[in-house]
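Colleague: Sequence plus the predicted model coming up.
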Amino acid sequence: MKIVSMDVMSTGAIAYYVLIASREGFLTPILSENNINRVYADPVPQGAILTAIVIGLSIQALMLVGVMKLSRDHPTLDTHEIEKDNT
Amino acid sequence: MNEITIAWIALPFFVGFLIYLLPKLDRYLALLAALASVGYGFWLFFQDSPLVLTLLDNFGVTLEADTSSGFFILTNALVTVAVVIYCWDTNKTAFFYTQVIILHGSVNATFICADFISLYVALEVSGIAAFLAIAYPRSDRSMWVGLRYLFISNIALLFYLIGAVLVYQANNSFAFAGLRDAPPEALALIFLGLLVKGGVFVSGLWLPLTHSESETPVSAMLSGVVVKSGIFPLMRCALIVPEVDPIVRSFGVATALLGVAYAVFEKDTKRMLAFHTVSQLGFILAAPEVGGFYALTHGLVKAALFLCAGTLPSRNLKELQQQPIATPLWIVLAIASFSISGFPLLSGFGAKILTMKNLLPWQVIGMNLAALGTAISFAKFIFIPHQNSIEDHKSRPGFWIAVIILLLGLIGANVAYYDAYNLTNTIKPLATIALGWLAYFAIFKRLSIKLPRVVEQFDHLIGSMSLVLLLLFWMGFAWLDI
């Protein structure tokens, strides 16, 4: 459950990046002959968040694998139970 | 010069993958990569001006390497060398060495980054590699400790990410210097991420459990270098943007006191060392200008202490007082403890003096108290009984070589600040140590208070993160007008 909520958080962060990028305008930033003066979305935050999306995904996968391993002994996956047994 | 830097950054990652392809050569390759970093760290000391690299215009990656990163890189390299040698004759698989060397590489990268996004990537990679290293034994316990670490660091970095984009919004660039023009909430979010990652103050209370429950070499690596990957950007921000300097310094003092207060009452060797890491990080932050040297001595000494603690017959200090240990082991333990308490002839002394000199007046009382607490808690190690006749079964040649490298580094680092040796400077630490021992025998040896571990519970860790966020926001709002 916590992992899912972490994913929701990261989605929020990503959406915020997209919002910042589209503040000035939301057209695709590709330069062509006839549309020089149009309002473009800022490509830099988009590029940066792409990295973060990939990292978020891989961490997500890694954590789920870890949780699968833990679920063998703690089928309910209650963090309080796990914590009590392991600290 | 630029090519060397880039090749050096890429080398550990390349070696990491190569180890997987050539598992027979794992240790040699890992050692090679770490030695390359030792060389690079030394080379940085002989550069007159800081090396600045801007790749792909000002939107891209910025790197900046100066002498203080040199100190951090050297720490990282020496600790990695020691850890690889320590594991030499154990049957760790190639996978373990891959993780260690990728961890090494990503931590190196954080030490020369100068923009928020490359720092984010480096921190995330180090988090993943650290998780894999912690979870290497595949037991339930290690799995849980690792997951807890990964979860907390990932949440913290999400906050950090939002802060980074606010900086970008204000400056159209992710460079550290942009923090000045950014709104206070950006400062609060970014600092929260770094404070959690670096294990500072209440947001760093995840650290004791993680560091004490992982395997010996991994704890040495985590405590010696990985936490510094959060500390170094804080230091650098404090230097680049002088306005945030008081915030960093006050967190330094608060951390030093909090960590040492826990360490004094702790009865478990590894947990005590971990709490000590928290307090020593406070020392580094308390004087950002000279934090590099302190970080070097602390990294070396902490790695040596963790390796020793792994060889001790028991983790409980009460049991250790009944049960004598072998003399050579005791000597190593005593040298390391003396250095961390700031005894002359060891570089811990120079580092403490240098930090104390660079404190602001309001910090002095707090830091002296913290130094006293350090002396008290390390008296526990120094007064463990020892005997010549005891055979130690657990120590192996790899352990001795690793520890000797670390201790030689500790003595060698004295040259960096030899002005410290004059009479007044020498008397003060000696008095602190004497007072600390006195307090230990008079009070703390008999005391058996067990501090509650409530705040270290998982839910509370996440909760305290948001409290620290509020605190930071208030600090940024009230103290700076940016």
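Modeller: Great, that's in hand.

Colleague: elements contacting whichever strand or helix holds B:Gly105?
Modeller: Assigning secondary structure by DSSP states H and E places B:Gly105 in helix B:94-112. With contacts taken as 3 or more C-beta pairs under 8 Å, 6 or more residues apart in numbering or on different chains; DSSP states H and E, helix B:94-112 sits against helix B:2-21, helix B:26-45, strand B:62-65, helix B:67-86, helix B:116-134, helix B:216-221, helix B:228-240. (Each C-beta comes from the backbone N, C-alpha and C, glycine too.)

Colleague: could you give the angle of it to helix B:228-240?
Modeller: 10 degrees (axes from the mean of the first three to the mean of the last three C-alpha atoms, to 10 degrees).

Colleague: Strands along the stretch 301-450 of chain B, start to end?
Modeller: Remark: strands assigned in the stretch 301-450 of chain B by DSSP state E, counting those that start in this stretch are B:325-326, B:386-387.

Colleague: Which of those sits closest to chain A?
Modeller: strand B:325-326 (26.9 Å; C-beta to the nearest C-beta).

Colleague: Could you spell out the sheet neighbours of the closest one, each with its direction?
Modeller: Using DSSP bridges, strand B:325-326 pairs in its sheet with strand B:386-387 (parallel).

Colleague: Can you pull up the most central residue in chain A?
Modeller: Chain A has A:Ser10 as the residue nearest its centroid, 3.8 Å off, counting by C-alpha atoms, centre = their mean.

Colleague: Show residues contacting the helix or strand of chain A with the lowest mean pLDDT.
Modeller: Using mean pLDDT, DSSP states H and E, the weakest-scoring helix or strand in chain A turns out to be helix A:79-86, at a mean of 73. For helix A:79-86, the external contacting residues (C-beta atoms under 8 Å, 6 or more residues apart in numbering or on different chains) are A:2, A:70, A:73-74, B:140-141, B:144-145, B:457-459.

Colleague: ok, those vs B:Ile325, which is closest?
Modeller: B:Arg141 (26.0 Å; C-beta to C-beta).

Colleague: how far away is that closest one from A:Glu83?
Modeller: 11 Å (C-beta to C-beta, to the nearest Å).

Colleague: Chain A against chain B: which residues are in contact?
Modeller: Residues of chain A found near chain B (C-beta under 8 Å from any C-beta of the partner chain) are A:2-3, A:6, A:9-10, A:13, A:16-17, A:20, A:23, A:44-45, A:48, A:51-52, A:55-56, A:58-59, A:62-63, A:66-67, A:69-70, A:73, A:79, A:82-83, A:85-87.

Colleague: In helices only, show me these.
Modeller: In helices, defined here by DSSP state H, the members of the residues of chain A next to chain B are A:2-3, A:6, A:9-10, A:13, A:16-17, A:20, A:44-45, A:48, A:51-52, A:55-56, A:58-59, A:62-63, A:66-67, A:69-70, A:79, A:82-83, A:85-86.

Colleague: ok, of the residues you listed, which come out buried?
Modeller: Burial by neighbour count, judged by 16 or more other C-beta atoms under 10 Å in any protein chain shown, picks out A:2-3, A:6, A:9-10, A:13, A:16-17, A:20, A:44-45, A:48, A:52, A:55-56, A:59, A:62-63, A:66-67, A:69-70, A:79, A:82-83, A:86 from those.

Colleague: circling back: want to throw the helices and strands packed on helix B:94-112 into a markdown table with mean pLDDT and distance to B:Pro313?
Modeller: Converted to a markdown table, the helices and strands packed on helix B:94-112 look like this (pLDDT from 0 to 100; distance: least, C-beta to C-beta, whole Å):
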| stretch | mean pLDDT | distance to B:Pro313 |
| --- | --- | --- |
| helix B:2-21 | 86 | 33 |
| helix B:26-45 | 83 | 28 |
| strand B:62-65 | 80 | 43 |
| helix B:67-86 | 86 | 18 |
| helix B:116-134 | 90 | 24 |
| helix B:216-221 | 86 | 14 |
| helix B:228-240 | 87 | 30 |
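
Colleague: which stretches of the stretch 351-482 of chain B form helices?
Modeller: With DSSP state H, counting those that start in this stretch as the criterion, the stretch 351-482 of chain B has helices at B:364-382, B:397-412, B:423-439, B:458-479.

Colleague: okay, those, which one's buried deepest?
Modeller: Of all those, helix B:364-382 has the most neighbours on average by mean count of other C-beta atoms under 10 Å in any protein chain shown, namely a mean of 21.

Colleague: mind listing what the residue nearest to A:Met63 when sequence neighbours are not counted touches?
Modeller: The shortest distance from A:Met63 to any non-neighbouring residue, by C-beta to C-beta, 6 or more residues apart in numbering or on different chains, is to A:Ile3 (5.3 Å). A:Ile3 sits next to A:60, A:63-64, A:67, B:151 when contact means C-beta under 8 Å, 6+ apart.

Colleague: Just give me the neighbour total for the residue lying closest to B:Phe116 once chain neighbours are set aside.
Modeller: Counting by C-beta to C-beta, 6+ apart, B:Ala164 is the residue found nearest to B:Phe116 once chain neighbours are left out, at 4.0 Å. Other residues lying near B:Ala164 total 28 when counted by other C-beta atoms under 10 Å in any protein chain shown.

Colleague: contacting residues around B:Ala164?
Modeller: Residues near B:Ala164 by C-beta under 8 Å, 6+ apart: A:48, B:116-117, B:120, B:174, B:186, B:190.

Colleague: Quick one: mean pLDDT over the host helix or strand of it.
Modeller: In the assignment (DSSP H and E), B:Ala164 maps to helix B:140-171. The pLDDT scores in helix B:140-171 average 87.

Colleague: Tell me what angle it forms with helix B:228-240.
Modeller: Using the same axes, to 10 degrees: helix B:140-171 against helix B:228-240 is 20 degrees.

Colleague: Quick check: next helix or strand after helix B:140-171?
Modeller: Once helix B:140-171 ends, the next helix or strand along the chain (criterion: DSSP H and E) is helix B:184-198.

Colleague: which other helices and strands contact that next one?
Modeller: Short answer (3+ C-beta pairs under 8 Å, 6+ apart): helix B:184-198 packs on helix B:116-134, helix B:140-171, helix B:228-240, helix B:458-479.

Colleague: rerun at 7 Å
Modeller: Here helix B:184-198 touches helix B:140-171, helix B:228-240, helix B:458-479, going by 3 or more C-beta pairs under 7 Å, 6 or more residues apart in numbering or on different chains; DSSP states H and E.

Colleague: Let me know the closest of the contacts of helix A:79-86 to B:Phe45.
Modeller: Closest to B:Phe45, out of all of the contacts of helix A:79-86 and judged by C-beta to C-beta, is B:Val145, at 36.6 Å.

Colleague: Could you identify the most distant pair in the contacts of helix A:79-86?
Modeller: Between any two of the contacts of helix A:79-86 (C-beta to C-beta), the greatest distance is 20.7 Å, for A:Asp73 and B:Asp459.

Colleague: does any bit of whichever helix or strand B:Arg271 is part of sit next to chain A?
Modeller: Per DSSP H and E, B:Arg271 falls inside helix B:269-286. No: remark: helix B:269-286 sits outside contact range of chain A, by C-beta under 7 Å from any C-beta of the partner chain, the gap being at least 10.9 Å.

Colleague: For that helix, give the mean pLDDT please.
Modeller: The predicted model assigns helix B:269-286 a mean pLDDT of 85.

Colleague: Output it in CSV, but only the C-alpha positions, please.
Modeller: Taking Å, rounded to 0.1, in the frame of the first residue of the first chain, the C-alpha atoms of helix B:269-286 are listed here in CSV:
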residue,chain,number,x,y,z
THR,B,269,28.5,-1.2,19.6
LYS,B,270,27.2,-0.9,16.0
ARG,B,271,24.2,1.3,17.0
MET,B,272,26.5,3.5,19.0
LEU,B,273,28.8,3.9,16.0
ALA,B,274,25.8,4.7,13.8
PHE,B,275,24.6,7.4,16.2
HIS,B,276,28.1,8.7,16.2
THR,B,277,28.0,9.1,12.4
VAL,B,278,24.9,11.3,12.9
SER,B,279,26.8,13.5,15.4
GLN,B,280,30.0,13.7,13.3
LEU,B,281,28.0,14.8,10.3
GLY,B,282,26.9,17.7,12.5
PHE,B,283,30.6,18.6,12.9
ILE,B,284,31.1,18.6,9.2
LEU,B,285,28.1,20.9,8.6
ALA,B,286,28.9,23.2,11.5
